[in-house]
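Student: This is a predicted model, with the sequence first.
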Amino acid sequence: MAETNTEILASTIEALIESKKYSTLRDIFVTMRPMDIAIVLGELGENRLPLMFRLLPKELAADTFIEMDPDEQELLIRGFSDAELKEVVDELYMDDAVDLIEEMPANVVKRILKSADPEMRRTINELLNYPEDSAGSIMTTEYVSLRPNMTAEDAIKRIRRGAVDKETIYTCYVTDTSRKLIGYVTLKSLLLAEDETLITDIMGTDTISVTTTDDQEEVANTLSKYDMSALPVVDKESRLVGIVTVDDAIDVMEEETTEDIEKMAAITPTDKPYLKLTPFEIWKSRIPWLMLLMVSATFTGMIISSFEGALAKWVALTAFIPMLMDTGGNTGSQASVTVIRALSLGDLEFSDFFRVIWKELRVAVLCAISLAVVSFAKIELVDVLIMGNQSITVTVNLVVCLTLAFTIICAKIVGCTLPLLAKKLGFDPAVMASPFITTIVDALSLLIYFQVARVLLGI
């Protein structure tokens, strides 16, 4: 339904552009949200985009500009006059300005910094010096700071004077004369308090904060865990230097989730949307992993080659290799994905290593028994009775089912332990997902298969 409305709106705007009814277009734009305007403008093409953007009022233009794709932002900046660029930059929040600069090429960055006032330029440079993916790199310095000896009336007056330049005013932070964070107070508390009430009497002191070097994913998880709209960021001396707002946390969560999904699928993460990627860029992100997995899969071929004689004698065993390998890979992937997701949500730590193994071991035994029984019945009913394959004896069936059970148990253990070990060693657990788990379990399933066959069939 939403897509249909967007299409209707886009066609309406197209018709108004053709008729050159720009005042009507402006009236339509001012009723829309910045994100929706950005989507519509992005569909207009490079020739019409600058003209339509100039129809927007100053504040709406800045909000819309932030929601646009980097390619569209660069196109607009190159067409802006210095005065137009300064108008947009002056309306940006500090964290949005930093994000913009990080996306732009060097020559465009120079123009942006040149358009910024000295104070903004200094702050931007400070934020850019923080480690990538840290709390400092995504925070904004535009927050409300109060003193503990202020009255509620004085605090509200201060908020009124500076609110227009702040990203949020719903939570205000209380600092001492050296800017050390000592508490917080909500706008609701200030409005409900008597005018003479001191901030120190109504502020909360159980402040949850993060440091500038904390990982951005941990910051986003903290905001989500404590249901906060903003999170204060302090330096090593506990001085308040900025805040991370919930909209930035949502962006981080989306970015980190996308990155994890790509890594779990053995793809090098990229910042561009899929439709913005060229075939060469997609090839470049996928081919290294495919080559690595292809080479690692040669171990599977080596194992099969080493048992060629046994397979020649017991040809029936060959038919069940794909089923054993696929089932092992699937069960290992289930365990790994579950553990990886739990790690990303903070539900698991390396200290839970043995608890995870014990839980997955019990799950593995239940799965092994269930699948082995079903497999035994299926082979006897379908392969032997219906298809009449007399080379599959009860002993061969037993070899397959025992291998299946042992493979499932091993796959579950491998699948749950590798992500935990990767996390402990400082690697991204998402790397230890389906492709790697499947490759490892394929080799294990074959080794188990031939060992069981050697014992029961004497090969």
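Tutor: Nice, I can see it.

Student: where does Leu244 land in three-state SS?
Tutor: For residue 244 the amino acid is Val, not Leu. Secondary structure assignment for Val244 (DSSP: H, G, I helix; E, B strand; the rest coil): strand.

Student: is it true that it touches Ser229?
Tutor: No: the criterion here is C-beta atoms under 8 Å, and Val244 misses it with Ser229 at 10.3 Å. In short, each C-beta sits where N, CA and C put it, glycine included.

Student: Compare neighbour counts for the two and give me the winner.
Tutor: Between Val244 and Ser229, Val244 has the larger neighbour count (other C-beta atoms under 10 Å), namely 26 against 14.

Student: OK, contacts around that one?
Tutor: For Val244, the contact set (C-beta atoms under 8 Å, 6 or more residues apart in numbering) comprises 135, 138-140, 210, 219, 223, 230-231, 233.

Student: now those residues: which count as buried?
Tutor: Buried members of those, counted by 16 or more other C-beta atoms under 10 Å: 135, 138-140, 210, 219, 223, 230-231, 233.

Student: Pipe the residues you listed into TSV and attach distance to Tyr170 per row.
Tutor: Listed next are the buried ones among the contacts of Val244 as TSV, based on distance: C-beta to C-beta, whole Å:
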residue	distance to Tyr170
Ala135	20
Ile138	19
Met139	17
Thr140	14
Val210	19
Val219	18
Leu223	14
Ala230	8
Leu231	13
Val233	17
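
Student: which SS state does the residue of the chain most remote from its centre fall under?
Tutor: Most distant residue from the mean C-alpha position of the chain: Gln390, 52.8 Å away (C-alpha atoms, centre = their mean). Secondary structure for Gln390, judged by three-state DSSP, is coil.

Student: What is the neighbour count of the nearest residue to it once chain neighbours are set aside?
Tutor: In this structure, Gln390 finds its nearest non-sequential neighbour in Val384, 7.5 Å apart by C-beta to C-beta, 6 or more residues apart in numbering. Val384 has 18 neighbours, counted by other C-beta under 10 Å.

Student: Helix, strand or coil: sort out Val384 for me.
Tutor: At Val384, secondary structure determined by three-state DSSP is helix.

Student: Report pLDDT for it.
Tutor: With respect to pLDDT, Val384 scores 83.

Student: What of Thr4?
Tutor: 57.

Student: Show me the contact partners of stretch 417-424.
Tutor: With C-beta under 8 Å, 6+ apart as the criterion, stretch 417-424 contacts 336, 339-340, 343, 348, 350, 352-353, 356-357, 428-433, 436-437, 440.

Student: now the strands for the stretch 301-450 of the chain?
Tutor: Counting by DSSP state E, counting those that start in this stretch, the stretch 301-450 of the chain has no strands to list.

Student: And for the stretch 101-250 of the chain?
Tutor: So, for the stretch 101-250 of the chain - with DSSP E, counting those that start in this stretch - the strands run 145-146, 171-175, 181-186, 210-211, 230-234, 240-245.

Student: what about those, which gets the closest to Gly204?
Tutor: strand 181-186 (5.3 Å; C-beta to C-beta).

Student: Output the contacting helices and strands for that closest one.
Tutor: When contacts are defined as 3 or more C-beta pairs under 8 Å, 6 or more residues apart in numbering; DSSP states H and E, strand 181-186 packs onto strand 171-175, helix 199-202, strand 230-234.

Student: Mean pLDDT and distance to Arg122 for those - can I get that in a markdown table?
Tutor: Below are the helices and strands packed on strand 181-186 laid out as a markdown table (pLDDT from 0 to 100; distance: least, C-beta to C-beta, whole Å):
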| stretch | mean pLDDT | distance to Arg122 |
| --- | --- | --- |
| strand 171-175 | 92 | 20 |
| helix 199-202 | 93 | 29 |
| strand 230-234 | 92 | 18 |
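
Student: wait, isn't the residue farthest from the centre of the chain in contact with Ala316?
Tutor: No: using C-beta under 8 Å, Gln390 is not in contact with Ala316; the gap is 9.4 Å.

Student: Using the record's assignment, carve the protein into domains.
Tutor: 2-129, 145-253, 272-296, 299-457 (automatic domain parsing).

Student: what about these, which gets the closest to Met264?
Tutor: Closest among the domains of the chain, using C-beta to C-beta: domain 299-457, at 3.5 Å.

Student: what's the first-to-last distance across the closest one?
Tutor: 24 Å (C-alpha to C-alpha, to the nearest Å).

Student: Begin at 214 from now on, thanks
Tutor: Got it, the first residue is 214 from now on, which makes the last one we talked about domain 512-670.

Student: and Asn342, how many residues sit next to it?
Tutor: Residues contacting Asn342 under the criterion other C-beta under 10 Å number 10.

Student: Look up how far Glu475 lies from it.
Tutor: Applying C-beta to C-beta, to the nearest Å, the value for Asn342 to Glu475 is 28 Å.

Student: what's the answer for Ile412, then?
Tutor: Distance of Ile412 to Glu475, given as C-beta to C-beta: 47 Å.

Student: So, low pLDDT: which residues of the stretch 414-563 of the chain?
Tutor: Flagging of the stretch 414-563 of the chain using pLDDT under 70 yields the residue ranges 478-479, 509, 523.

Student: what ranges do the helices span in it?
Tutor: 429-438, 459-477, 492-509, 511-519, 521-526, 534-557 (DSSP state H, counting those that start in this stretch).

Student: so which of the ones you listed comes closest to Thr225?
Tutor: The nearest among those, by C-beta to C-beta, is helix 459-477 at 29.1 Å.

Student: What residues of that closest one count as buried?
Tutor: 459, 461-462, 465-466, 468-469, 472-473, 475-477.

Student: try stretch 382-389
Tutor: 382, 384-388.

Student: got the contact list for that stretch?
Tutor: Contacts of stretch 382-389 (C-beta under 8 Å, 6+ apart): 356-361, 368, 372, 376, 394-401, 403, 412-413, 416, 420, 441-443, 445, 452-453, 456.

Student: Please list only the buried members of those.
Tutor: Among those, those buried by neighbour count (16+ other C-beta under 10 Å) are 356-357, 359-360, 368, 372, 394-400, 403, 412, 416, 420, 441, 443, 445, 453, 456.

Student: who's in contact with the residue nearest to Gln603?
Tutor: Val597 makes contacts with 603, 605, 610, as judged by C-beta under 8 Å, 6+ apart.

Student: Same question for Asp367.
Tutor: Applying C-beta under 8 Å, 6+ apart, no residues qualify as near Asp367.

Student: With Tyr662 instead?
Tutor: Counted by C-beta under 8 Å, 6+ apart, Tyr662 has contacts 530, 534, 537, 612, 616, 620.

Student: Please apply the same query to Ala443.
Tutor: 356, 381, 383-384, 436, 456-459.
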